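**Q** Below are the sequence and a predicted model; questions follow.
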Amino acid sequence: MQTPAASFYIDPVRLAREHETVFARSWQLVGHAEQLKNSGDYFTTRLGREPLLFVNDNGTLRGFFNVCRHRAGPVAQGCGNARRLSCRYHGWTYDLSGQLLRATEMEGASGFDPTKISLQTLPVHRFGPLLFAALDSATPSFDEFFPGVTERCAPLELERMRYVTTRTYPVSANWKVYVDNFLEGYHIPLVHPGLNREIDYRQYVTEQAERYVLQYAPVRDGTASLYKGGFGDGQAWYYWLFPNIMLNIYEGQLQTNVVIPVDVNQTIVRFDWFSYDPAPEPETDERWRELAHFSEEVQAEDARICEAVQVNLGSRAYRSGPYSPKRESGVQLFHGLMDAERG
C-alpha cells in the first residue's frame, strides 16, 4: 500500500462526498457536559450544514436536529435554560423530549395530529467531560465504534475534568493533511525542536485499534519537563478517534482538537482545554499559561508544515510513495479507513 494520490487532498468533489460518507456516519465531538449541567439547559451548534440542538431533559441528555417539523424554523438559538422549546418562526412548541405540545392556528388542518409529531432525534454519548453525537442513527454505538477506548481511559477518571477555555486556529490545508501529521511522530525531531527536547523520541510508541490510534512517549531523563508532575508518570498520551478528533492528555489536563474542514484547502482546528477540578483560571494561573503557550508553539509548527505540504500536493512533481513501517502505521490505518468508509 502506498500513500494517496494528490486527489485525496485536493479534490473538492471528494470532500463533498466525505461529509456524507465519513462525517455523518461517525461520532463527532459537539460540546461538553457543563453546557448541560442542569435540567432545562440547552445549546445549539452545527455539524457541517446540519443545525443541532442538545438539551438536559431532567437528567437525560438529548440531541435533536434544530429544525421545526412545520416549515424548518429553528426551535432554539444560542444557549440557555428553558422548560419548553418554541420555534422562532411560527411558535410551534415542543417539550424537552422533543414532543410537540402546541401548534397555533392549525384548526381544520387535514390529517394534523400533534401527538404524532416530534423533533428528529440523534444519538448522544458522554465520554468523560465530552459530548459526542452521530448524525446517522445507524452509526454503531460509541463503544462499538471505538472498542476499548472507554476501558483504556477509565483509570484517568476523565469525568472529573472541568472545562477551562476554547481557542480556534485556521490552517490553510486540507483536513486530512492535518490528521496525517498528528498520526505520526516521524516529524517531531525536525518540526518540533522544543517538544523533541521534552520527550524521548527513540521510545515513541504508536498503537493501533479498529478506529483509533494511541501514541505516547516518556519524558527524557534529567529534563525539567512540562510533562512531569501530572498523572501518567511523565507520559504524554495522544489519542486519535476516527476521523477527525484528537485527545491530548498530559500534566493533569485534557486538550481536545477537532479538525473541521472548511473547503478543500482550508481547515479550522478547535482546541478545548479541560483540567481536573478545581479548574485553573486561564488568564492568571502561571502554570496553565506556560502549558498553553507550549501547546500554541507546537500548533503553529504543525500549521506551518501542513500548509507547506498542501501547496506541494498540487505540484506536478508529487507522486505516491511508501509508508515508514516503524513511524507511519497510524497514517496508513487512517487512509485505509477513509477508503473503506467512503464506500
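**A** Structure's in. What do you need? Nothing here was measured: the structure is a model prediction, and the numbers come from that model.
**Q** Check whether Val205 really touches Ile199, as I assumed.
**A** No - with contact defined as Cβ atoms under 8 Å, Val205 does not reach Ile199; the gap is 10.9 Å. (Each C-beta comes from the backbone N, C-alpha and C, glycine too.)
**Q** So which of the two has more stuff around it?
**A** When Val205 and Ile199 are compared for neighbours, Ile199 comes out ahead with 24 against 11, by other Cβ atoms under 10 Å.
**Q** right, and the secondary structure at the closest residue to that one other than its chain neighbours would be what?
**A** Residue nearest to Ile199 in three dimensions, not counting chain neighbours: Ala217, with 4.1 Å by Cβ to Cβ, 6 or more residues apart in numbering. The three-state label given to Ala217 by DSSP: H, G, I helix; E, B strand; the rest coil is strand.
**Q** shared neighbours of Val205 and Ile199, which are they?
**A** Ala217 (Cβ atoms under 8 Å, 6 or more residues apart in numbering).
**Q** which stretches of the stretch 101-250 of the chain form helices?
**A** With DSSP state H, counting those that start in this stretch as the criterion, the stretch 101-250 of the chain has helices at 142-145, 149-153, 175-182, 188-191, 193-198.
**Q** so of these, which one's packed in deepest?
**A** Compared across the helices of the stretch 101-250 of the chain, helix 175-182 shows the largest average neighbour count, a mean of 24 (mean count of other Cβ atoms under 10 Å).
**Q** Name the single longest helix found in this protein.
**A** Secondary structure of the chain per DSSP state H: the longest helix is helix 286-313.
**Q** Toward the C-terminus, what is the element adjacent to that one?
**A** With elements assigned by DSSP states H and E, the helix or strand that comes after helix 286-313 is helix 329-341.
**Q** buried ones in that next one?
**A** 329-335, 337-338, 341 (16 or more other Cβ atoms under 10 Å).
**Q** Pick the one among those residues closest to Tyr94.
**A** Glu341 (33.4 Å; Cβ to Cβ).
**Q** what about the closest one, distance to Gly252?
**A** Glu341 sits 35 Å away from Gly252, going by Cβ to Cβ, to the nearest Å.
**Q** Mind splitting the chain into its structural domains?
**A** Segmentation of the chain into domains, based on automatic domain parsing, reads 28-138, 156-341.
**Q** Adding distance to Glu18 and mean pLDDT, write the ones you listed out as a markdown table.
**A** Converted to a markdown table, those look like this (distance: least, Cβ to Cβ, whole Å; pLDDT from 0 to 100):
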| stretch | distance to Glu18 | mean pLDDT |
| --- | --- | --- |
| domain 28-138 | 10 | 95 |
| domain 156-341 | 8 | 90 |
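**Q** Minimum distance to Ser7: which of these has it?
**A** Closest among the domains of the chain, using Cβ to Cβ: domain 156-341, at 9.4 Å.
**Q** ok now that closest one, how far from the chain's centre?
**A** Relative to its chain's centre, domain 156-341 lies at 12 Å (Cα atoms, centre = their mean, to the nearest Å).
**Q** do the same with stretch 24-35
**A** Offset of stretch 24-35 from its chain centre (Cα atoms, centre = their mean): 7 Å.
**Q** export that stretch as CSV, just CAs?
**A** Extracted in CSV, the C-alpha atoms of stretch 24-35 (Å, rounded to 0.1, in the frame of the first residue of the first chain):
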residue,chain,number,x,y,z
ALA,A,24,-22.2,11.8,9.0
ARG,A,25,-21.5,8.2,9.9
SER,A,26,-19.1,8.8,12.7
TRP,A,27,-19.2,10.1,16.3
GLN,A,28,-18.4,13.8,16.4
LEU,A,29,-17.4,16.0,19.3
VAL,A,30,-20.2,18.6,19.8
GLY,A,31,-19.7,20.1,23.2
HIS,A,32,-19.0,19.4,26.9
ALA,A,33,-21.1,18.3,29.9
GLU,A,34,-21.0,21.6,31.7
GLN,A,35,-23.1,23.1,28.9
